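Undergrad: Output the structure for:
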Amino acid sequence: MSHLKAIFPLVLVLFLVSCGTKKVVTGSVSETASVKNIIKAHNNSEASYTTLNARIKGSYKTEKEDQSISISMRMEKDKAIWLSAKLAGIIPLAKVYITPKRVQYYEKIDGTYFDGDFSLLSDWLGMELDFDKVQNLLLGQAIYPLEKKELEMSFTETDYILKSEGNSLLETMFAIQSSNFRLKGQRLAREAKRESVVIAYDNYEQVKEEWFPKKIKIIATQKGKSTQIEVDYRQIDLNASVSFPFSIPSGYKEITVE
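TA: Numbering: from 1, shown residues only. A predicted model of the protein is given here:
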């Protein structure tokens, strides 16, 4: 079960980095901008691609575990996310296949598998997830549609800060860069349940004129206990032919979510 916890968090925090020339830009905010216009600019900044193929190095850390994992990731936008993980880049560890209605996973070391909905991912992160939310997280987009929330805006020198108003059961905060209107970070919190998720994106770069975050850090906290994941993309290709080989080996034990 420990390796299950090591892989599934990475499904939530994988992100993209350019394999070409680095381009880091900065900008300054316009204090006359409206919430509506900032939301529109952020939505329009979403990366346009058909398929994605990437190599990633990630780390996973809790009070009891500290692991390094190498991952091959393939995506077809709005249709599929596929991951193949190796421990320390050598030992085959697990595969994950996510589609809009299904999450499938198997782990070789413990001989376990999961085949069901998004309940396992949602339970781990402490928030309800679906395919769109996972995909948005990977691409540096707001997990929740911003136009469907009542938001108030403040500023830093370079970023627009959008926060949910009132005493919502789910408190949200989104920091949007003025340079390219991509996310610098997002925070989701349920204070009553002592649960929060903080996702920080670092150093956006361009791949075929599309902006992707180079690095991401996620801290998930539940009842005082936190899990921290950092991921670096080492290589990425866009719009190449991809396949999603996945078959749960026979004899593996099924994991269920209560």
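Undergrad: Show me where the stretch 51-200 of the chain has its helices.
TA: Remark: helices of the stretch 51-200 of the chain, listed N- to C-terminal, are 119-125, 131-139; assignment by DSSP state H, counting those that start in this stretch.
Undergrad: Let me see the mean pLDDT of the first one.
TA: What it means is helix 119-125. Helix 119-125 shows an average pLDDT of 79 in the prediction.
Undergrad: re earlier: so can I have CSV of the helices of the stretch 51-200 of the chain showing distance to residue 56 and mean neighbour count?
TA: For every residue, glycine as well, the C-beta is placed using N, CA and C. Rendered in CSV, the data for these read as follows (distance: least, CB to CB, whole Å; neighbours: other CB atoms under 10 Å):
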stretch, distance to residue 56, mean neighbour count
helix 119-125, 18, 19
helix 131-139, 11, 20
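Undergrad: Including distance to residue 63, could these go into JSON lines?
TA: Putting the helices of the stretch 51-200 of the chain into JSON lines (distance: least, CB to CB, whole Å) gives the following:
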{"stretch": "helix 119-125", "distance to residue 63": "16"}
{"stretch": "helix 131-139", "distance to residue 63": "24"}
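Undergrad: Tell me who's in contact with the nearest residue to residue 120 once chain neighbours are set aside.
TA: By the measure of CB to CB, 6 or more residues apart in numbering, the closest residue to residue 120 outside its immediate chain neighbours is residue 257, 5.2 Å from it. Residue 257 makes contacts with 114, 116, 119, 120, 123, as judged by CB atoms under 8 Å, 6 or more residues apart in numbering.
Undergrad: quick one: which of those residues is nearest to residue 134?
TA: residue 120 (12.1 Å; CB to CB).
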